[in-house]
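Asks: Structure for the following, please:
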Amino acid sequence: MNVSRRHLLKAAALGSASLAAPQIVSRAFAAEPIKVGALYSQTGNLAVAEKLLANGVSMAVAEINAAGGVLGRPVEVVVEDGASDPKTFSEKASKLIVKDKIMTVFGCHTSASRKAVLPIFEKRGAMLFYQTHYEGFECSRNVIYSGAVPNHQLANYIPWIVKTLGKKKFFIVGSNYIYPREMAKVSKKLIEAAGAQWVADEYLELGHSEWAVMVKKIKESGADVVLSNVVGDSIIAFYREFKNQGISQAEIPICATVTSEIEIAAMGADYAAGSYTSFPYFMSLDMPGNKSFIERFRKFVNDPKQVTYHSLEAAYFQVFLWKQAVEKTKDLSAQGIRTGIAGESYEAPGGTVTIDADNLHCWLTPRIGQWQADGQSKVVDAYPHPIKPLPYFAYGETESNLFCTSKGLDTSKLKI
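Replies: Numbers count the residues shown, from 1 in each chain. Now for the predicted structure:
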């Protein structure tokens, strides 16, 4: 997912996970360390968000080392700065894989950075773990995708909006790049299947901050619900203008696919109270593992007010899935990880997660949260169990008709 995030500086100013993780203590190892990469922006406009993800990876590694490491060896994290620039991400990925001879890298936060490094991982036979929810439409044997794909966020969401909220006229709005447009493509099919209609599908450029005209257009459209795929700085400007023009969330609720605890903290809870987001993980989940995760992460980053969110949780739990795969096969290569991780499960802060043996994406539990006045969500709907990831859901992929399998992508099924 591409994001412009100047507002995350504000969120950071407001301030990683098994059910009972060990206390992080220093431990002496005789064996040579296993080196892994953490490729996240430490500088530039994405740095605040990506530093949190790097911290999630680092905390997981610290907990693993405190519990004995991997194969009796300590794990050492080599952090590289993508500098919020896809070209730099590519250069740093090459450095980690070629010069440092690291075969596993946790990293990237945007689709642009992931796409920039992907050819390197595939050419060099290394493995990337990617934690951000994204638009799908990718089937690589050199990436473990631990974040949500469109069917995790929309398959339950659209029918729920129609049936439970009673909304029938959708105004779709997004930032102008691949993620919002792919999410809109899926949404339109689901809206029509639910017996509702979409009255508009509008986009503004990334980082756009003048929302008065668009919000006025929403008011005059006859829509009774907004499906928002707006990202980055624009989220704050959009929600604030929505309230400034006197639109009630009860009358025309914003139902988002991107807005998280980070954005809520940055904009101020009052602007989002009553709106909704669909994510597999919310900070508010009343689960022992999640409460412990939040406490430990806040201690790790030395910030008692730091919020947690979906991508951060995924950045954390994917390290434990890597550990399990390596210990199963005793093989640090991408092939060893690919073989060992297929079908592996882990009790993450938000519940059980499993890596799909077909497409190397993660089984996750769809949830819908309504934002409250305290800046946290109230989960108002949730699947009783995780569901299979379908990265080509927008193009007709179903559980009985898979496009992406262990053999690769069946391009004959794509109808673009």
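Asks: can you tell me which residues contact residue 287?
Replies: When contacts are counted by Cβ atoms under 8 Å, 6 or more residues apart in numbering, residue 287 is found next to 349-351. (Glycine included, C-beta is placed from N, CA and C.)
Asks: how many neighbours does the nearest residue to residue 153 once chain neighbours are set aside have?
Replies: In space, and not counting its chain neighbours, residue 153 is closest to residue 278: 4.5 Å by Cβ to Cβ, 6 or more residues apart in numbering. As a burial measure, residue 278 scores 25 neighbours (other Cβ atoms under 10 Å).
Asks: show me what contacts residue 278?
Replies: Neighbours of residue 278 in contact, by Cβ under 8 Å, 6+ apart: 153-154, 156-157, 255-257, 366-369.
Asks: Quick check: bridge partners of it?
Replies: Bridge pairing for residue 278 (DSSP bridges) gives the partners residue 368.
Asks: Residue 415 versus that one, what's the distance?
Replies: Using Cβ to Cβ, to the nearest Å, residue 278 is found at 26 Å from residue 415.
Asks: For the closest residue to residue 149 other than its chain neighbours, grab the count of nearby residues.
Replies: Ranked by Cβ to Cβ, 6+ apart and with sequence neighbours excluded, the top spatial neighbour of residue 149 is residue 136, at 4.5 Å. Applying the criterion other Cβ under 10 Å, we find 28 residues in the vicinity of residue 136.
Asks: Would you check how far apart residue 136 and residue 263 are?
Replies: 22 Å.
Asks: ditto for residue 169
Replies: Residue 169 sits 25 Å away from residue 263 when distances are taken as Cβ to Cβ.
Asks: And for residue 244?
Replies: When Cβ to Cβ is applied, the distance between residue 244 and residue 263 equals 17 Å.
Asks: Between these two, tell me which one has more neighbours.
Replies: Under the neighbour definition other Cβ under 10 Å, residue 244 and residue 263 were set side by side, and residue 263 has more, 29 against 12.
Asks: Can you classify that one by secondary structure?
Replies: helix (DSSP: H, G, I helix; E, B strand; the rest coil).
Asks: Do I have it right that it meets residue 235?
Replies: Yes. Residue 263 is within contact range of residue 235, at 4.7 Å (criterion: Cβ atoms under 8 Å).
Asks: Of the contacts of residue 287, which belong to strands?
Replies: Judged by DSSP state E, those include residue 351 as members of strands.
Asks: quick one: which of the contacts of residue 287 has the most company?
Replies: Per-residue neighbour counts (other Cβ under 10 Å) across the contacts of residue 287 peak at residue 349, which has 29 neighbours.
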